[in-house]
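In: sequence plus the predicted model coming up.
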Amino acid sequence: MSQSIVVLKFGGTSLATPRRLRLAARRVRAHLRRGEAPVVVASALGHTTDGILRRLERCGISPAFAGREVDRALATGETLSSAMLAGCLRKLGIGAISLTGGEAGFEGSGEFGRGAIARLDASPIRRLLAGGAVPVIAGFQARRPDGETVTLGRGASDTTAVALAAALGPVPCHIVTDVGAVYDRDPNLDAAAQPYRQLSHDELLRLAEAGAQVVHPAAARWALDHRVPLCIYSYRAVFGEEYGTRVG
């Protein structure tokens, strides 16, 4: 494939409303128009995961005795958002196709609710790209060798995206979120918080492990181990003017 690949991960807040879904679709289109080949990873819309957990709790359904069913229920959040974003792209005339984690080549291991990425076969993504399609992948999930779906832990859509970027290159991975950059402290709590414009992979990992909420620690570790360049910015950023945080 002659075009340069870029992975775009959209957080739940950046997809929380129909307007934001359409905005995300237009951002993907802008990358296409720039001559790039986007691969998209979607988190669950807004607070969908919390809503699913509340419904399960109200029904008395617990991972203690129904871990498989809890994981299958939770995985529907990302499956829904990836399908909706792919639909928005199709409305723009873009040949997008949504995929579950398993369909995208993510093989998982471990128990329900505590899964991990064991292996990633990027050939399904490469085939779609070669055919001119835009893959839109449900984050946070993988398929075990026994065929079961396992979730990868809260916030793990970041890890899905960074793992994809590593397997496809490494290629750049953009984390599109609800804050403008990685900050030295929570900007929602401290108006004097200052953004980092450039970080090393080691610095990002230290911040993530210290509690920074912008990038999941497992994703920061994966980026460090595989030297995946990251760009972290707000969904409100004007395309081409994303003055967020660059890593690596």
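Out: That came in fine, so what should we check first?
In: right, and Ala44 touches Gly12 too?
Out: Yes: counting by CB atoms under 8 Å, Ala44 touches Gly12, with 5.3 Å between them. Using the backbone N, CA and C atoms, a C-beta is placed for each residue, glycine as well.
In: which of these two has more neighbours?
Out: Just comparing Ala44 and Gly12: by other CB atoms under 10 Å the higher neighbour count belongs to Ala44, 27 against 24.
In: so the more buried one sits in a strand?
Out: No: according to DSSP: H, G, I helix; E, B strand; the rest coil, Ala44 belongs to no strand; its state is coil.
In: phi and psi next, for the nearest residue to it once chain neighbours are set aside.
Out: Excluding its sequence neighbours, the residue lying closest to Ala44 (CB to CB, 6 or more residues apart in numbering) is Gly77, at 3.0 Å. Taking degrees, to the nearest 10, you get phi -60, psi -50 for the backbone angles of Gly77.
In: what's the burial count for Gly77?
Out: With other CB under 10 Å as criterion, Gly77 counts 28.
In: flag the shaky bits of the chain, pLDDT-wise.
Out: 1-2 (pLDDT under 70).
In: how about the strands of the chain, start to end?
Out: Taking DSSP state E as the test, the strands found in the chain are 4-10, 36-42, 96-99, 106-109, 116-120, 134-138, 141-143, 149-151, 173-177, 182-183, 195-196, 198-199, 230-234, 245-247.
In: got CSV for those strands, with distance to Val28 and mean neighbour count too?
Out: Shown next, in CSV, are the strands of the chain (distance: least, CB to CB, whole Å; neighbours: other CB atoms under 10 Å):
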stretch, distance to Val28, mean neighbour count
strand 4-10, 6, 24
strand 36-42, 5, 26
strand 96-99, 8, 22
strand 106-109, 21, 20
strand 116-120, 21, 16
strand 134-138, 6, 28
strand 141-143, 21, 25
strand 149-151, 25, 27
strand 173-177, 10, 27
strand 182-183, 23, 22
strand 195-196, 25, 18
strand 198-199, 25, 15
strand 230-234, 15, 22
strand 245-247, 20, 22
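In: hmm, what's the outermost residue in the protein?
Out: Taking CA atoms, centre = their mean, the residue of the chain most remote from its mean C-alpha position is Gly60, at 29.7 Å.
In: any idea how far Gly51 is from that residue?
Out: Computed as CB to CB, to the nearest Å, the Gly60 to Gly51 distance reads 17 Å.
In: and for Ile117?
Out: 25 Å.
In: residues in contact with the residue nearest to Ala44?
Out: Gly77 makes contact with 44-45, 48-49, 52, 140, according to CB atoms under 8 Å, 6 or more residues apart in numbering.
In: same check, this time on Gln213
Out: With contact taken as CB under 8 Å, 6+ apart, Gln213 is in contact with Asp186.
In: show me the contacts for Thr160.
Out: Listed by CB under 8 Å, 6+ apart, the contact set of Thr160 reads 9, 41, 101, 106, 117, 137, 139-141, 152.
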